[in-house]
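Asker: any chance you can model this:
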Amino acid sequence: MRKVLIANHDIDQNKQLCQYLTNDKRFEITETTDGKSTLNKYLEIKPNVLILDTNFKDMNCIEIINRLSMTIEEKRNCNTILVVDKSNENIKITNMAKVYKVIEYSDLDDLFNTINEICSYSEYEELTEFDIDKLFLKLKIKLNSNGADYLRESITQCYYYPNLLKKLDDIFFMLARKHNKTNDAIRSSFRSALEPLNNFRDTIDYPIMKYFDYGCKITPQRFLEIVVMYLHIIKNKK
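Answerer: Model prediction:
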């Protein structure tokens, strides 16, 4: 069954579209009527398709797209149908699959940084969730915890953009904003996810373990540094 999230501020239009789609048993339909609930519901159910309105009162549709595109996984996930009213003169984009980010030309720093992001994005071999989960299993990290989810996102981001490793607080801020958490809550979830690795590290026989400092607790910062380096080595061999 395919998950479809219909996000429309007009309740009547939402119901009409829901009724239309529920005739097809392949679809599991969820609906939202404002920007905030759309973001939360998207992150909760991870729909196959997002049908997105452009007239939310609490949040611009471009902000929704940008917020959902903060991770590499979602940047690659071209699954959004943008529904535009004929009277809406503010939305001129016709092919969102081509849009990486919306930028004002006057912001040259942002333009330059985004060019670098796009170049970095294509520099490495693709990293999949399976690659990360396979490593997590070897390191005794539970796959279904919130901390594991945050670690996956952080590893993926840092894999493609290694400069993020210079400041762990930037990663915490990114995750906190996306998941509506505090930085401290994200940090605590990181540490909880790493507890099995720290508790059983002496029993884990896997090549990556030689890179961790013997006798020292594995911190979130050190974990990300080592894991990203290790994945670069094994994924980008010439």
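
Asker: now do the strands in this protein.
Answerer: 2-7, 27-32, 49-53, 80-83 (DSSP state E).

Asker: using JSON lines, lay out those together with mean pLDDT and mean neighbour count.
Answerer: Just so you know, the C-beta spots here come from the backbone N, C-alpha and C atoms, and that holds for glycine as well. Below are the strands of the chain laid out as JSON lines (pLDDT from 0 to 100; neighbours: other Cβ atoms under 10 Å):
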{"stretch": "strand 2-7", "mean pLDDT": "87", "mean neighbour count": "21"}
{"stretch": "strand 27-32", "mean pLDDT": "90", "mean neighbour count": "18"}
{"stretch": "strand 49-53", "mean pLDDT": "86", "mean neighbour count": "21"}
{"stretch": "strand 80-83", "mean pLDDT": "82", "mean neighbour count": "18"}
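
Asker: any idea which of those strands gets closest to A193?
Answerer: Counting by Cβ to Cβ, A193 lies closest to strand 2-7 out of the strands of the chain; the figure is 26.1 Å.

Asker: could you list the residues in contact with the closest one?
Answerer: Contact with strand 2-7 is made by 14, 17-18, 21, 26-33, 35, 38, 41-42, 45-53, 56, 64, as judged by Cβ atoms under 8 Å, 6 or more residues apart in numbering.

Asker: hmm, back to that, turn the strands of the chain into CSV, including distance to Y161.
Answerer: As requested, the strands of the chain are exported to CSV (distance: least, Cβ to Cβ, whole Å):
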stretch, distance to Y161
strand 2-7, 28
strand 27-32, 30
strand 49-53, 24
strand 80-83, 23
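
Asker: which one, of the ones you listed, ends up nearest to T203?
Answerer: Ranking the strands of the chain by proximity to T203 (Cβ to Cβ) places strand 2-7 first, at 39.3 Å.
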